[in-house]
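Participant: here's my sequence, what's the structure:
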Amino acid sequence: MKKVLLSLVAVAALTFGAKAQTEKGKIILGGNVGISSSKTDGAPKSDFSFSVVPNVGYFVGNNIAIGTGVGYTYDKSVSTHEQNEAFVVAPFGRYYVNLSDQFKFFGHLAVPMAFGTEKIVNTNGDTGAKVASTTLIGVNLAPGFAFFPTKKVGIEFSVNGLSYANYTAKAEATGIKTKTNGFGLSADTFAPKLGVQFHF
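Facilitator: Alright, predicted model coming up:
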């Protein structure tokens, strides 16, 4: 009887914990970190990229969270002779739909903004002078699923979804601005995103 009672308490605690993950007043912590390096035969140095954008959110209502990510991205490419660095701010909103006690569907709407610089990379792979100031403002809508194995951890699976981006490069020498607009739908289930969010 004692074992049965303990089992019922454990199941009730797990169920309560899963339901409480997205209640009003809860906090969500997560983010993304990426690093990659590649070298072409004969190239003097490797191409290298790095990004870190932690995020924090607050549930303003049951299943509704708002928050922001703040971070930094760096990309140096010897093959394209350019280096890009940017400070990133990415406000977001999320809405969760309960599928079961431990599974939830969510929609993630973000407005990523990146403010940075572009520099020349010479044939030896050395970074040279700044050639432009860059600004990127976008909108991304990504669907996904969250699984809550414990009270404070959500494992997420999502795809890119709809996106729009406006990229502006202002030439350092002339002040001339070059703008590029992009719109896309990328729901590639063969290239999903897998992540972890912490709930408190």
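Participant: now do Asn63 against Thr135, distance only.
Facilitator: Applying Cβ to Cβ, to the nearest Å, the value for Asn63 to Thr135 is 33 Å. Placement of C-beta: from N, CA and C, glycine included.
Participant: for Glu118, that is, sorry about that
Facilitator: 11 Å.
Participant: which residues touch the residue nearest to the spatial centre of the chain?
Facilitator: Nearest residue to the geometric centre of the chain (Cα atoms, centre = their mean): Asn32, 5.2 Å. For Asn32, the contact set (Cβ atoms under 8 Å, 6 or more residues apart in numbering) comprises 51-53, 69, 195.
Participant: what do you get if the cut-off is 6 Å, keeping everything else the same?
Facilitator: Val53 (Cβ atoms under 6 Å, 6 or more residues apart in numbering).
Participant: paired strands for whatever helix or strand it lives in, with orientation please.
Facilitator: Using DSSP states H and E, Asn32 maps to strand 27-38. Looking at strand 27-38 with DSSP bridges, its partner strands are strand 47-61 (antiparallel), strand 193-199 (antiparallel).
Participant: where does the chain dip in pLDDT?
Facilitator: 1-20, 42-43, 186-192 (pLDDT under 70).
Participant: helices of that one, start to end?
Facilitator: Using DSSP state H, the helices of the chain run over 2-20.
Participant: the longest strand in it is where?
Facilitator: strand 127-147 (DSSP state E).
Participant: and stretch 75-84, what's buried?
Facilitator: 75-78, 82-84 (16 or more other Cβ atoms under 10 Å).
Participant: out of those residues, who's nearest Leu99?
Facilitator: Asp75 (37.4 Å; Cβ to Cβ).
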